[in-house]
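>>> Sequence and predicted model, in that order:
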Amino acid sequence: MANLNRVLLIGRLVRDPDARRTSNGTSVAKLGLAINRKFKNAAGEKQEEVTFADVDVWGRSADFCRDYLRKGAPVYVEGRLKLDQWEDRETGQKRSKLGIVAESVQSLGTRSENQAPQQQQTPAPPFPEQQQNYNAAPNQPANVPYDGEDDQPPF
């Protein structure tokens, strides 16, 4: 018998991505996602149900989330379910939580929808150990500022 563990979700971020690096340098971002469902109940009344999901994003997708997504941004997440189990330190009870490990995250909003109001239209600064000059021209060393003038014609 074949197995399938696939999740497809569209929702909005309930908080800014919480991005970090593991001890070996891998990027990880934690997202809180709200998924709304509108429906009519048996009596024909309109109702709305909200489901909240915790999503873990790894690698370059985590960097994308850190740089370009903010609270309220609409996103599409593809991934798999993962069950975390642990023993509560205070009570000693076994606990579990079902979460999502994202394999792909896509922004569904415009740039202004993805940015917080006080944010500028440039990406958030990278992790300290990976500083780079966002004003550098492509194919130029990061320590050479880009003045907006190209030496090459546009063809």
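The structure has been received and is ready for your questions. Numbers count the residues shown, from 1 in each chain.
>>> Quick check: pLDDT value at the residue most central in space within the chain.
Among the residues of the chain, the one closest to the centroid is C65, at 3.7 Å (Cα atoms, centre = their mean). Note on C65: pLDDT of 92.
>>> doesn't it fall inside a helix?
Yes: assigned with DSSP: H, G, I helix; E, B strand; the rest coil, C65 falls within a helix.
>>> what are the pairing partners of the helix or strand containing Q47, and which direction each?
Taking DSSP states H and E as the definition, one finds Q47 inside strand 46-58. Partners of strand 46-58 in the sheet, by DSSP bridges, are strand 27-40 (antiparallel), strand 94-107 (parallel).
>>> Out of the ones you listed, flag the one nearest K71.
When these are compared by Cβ to Cβ, strand 27-40 sits nearest K71, at 8.8 Å. From N, CA and C alone the C-beta is placed, and that goes for glycine too.
>>> roughly how far out does the closest one sit from the chain middle?
Mean C-alpha position of strand 27-40 versus that of the full chain (Cα atoms, centre = their mean, to the nearest Å) differs by 11 Å.
>>> State the mean pLDDT of that strand.
94.
>>> what sits against K71?
13-16, 116 (Cβ atoms under 8 Å, 6 or more residues apart in numbering).
>>> among those residues, which two are most distant?
Farthest pair in these, by Cβ to Cβ: V14 and A116, 13.4 Å.
>>> Which one's more surrounded, the two?
In this view V14 and A116 are compared by other Cβ atoms under 10 Å, and V14 has more residues nearby, 15 against 12.
>>> The more buried one is in contact with L33, isn't it?
Yes: the criterion here is Cβ atoms under 8 Å, and V14 meets it with L33 at 6.9 Å.
>>> what residues do those two have in common as contacts?
Residues within reach of V14 and of L33 at once, by Cβ under 8 Å, 6+ apart, are F52.
>>> in the chain, what spans have low per-residue confidence?
For the chain, residues meeting the criterion pLDDT under 70 lie at 111-155.
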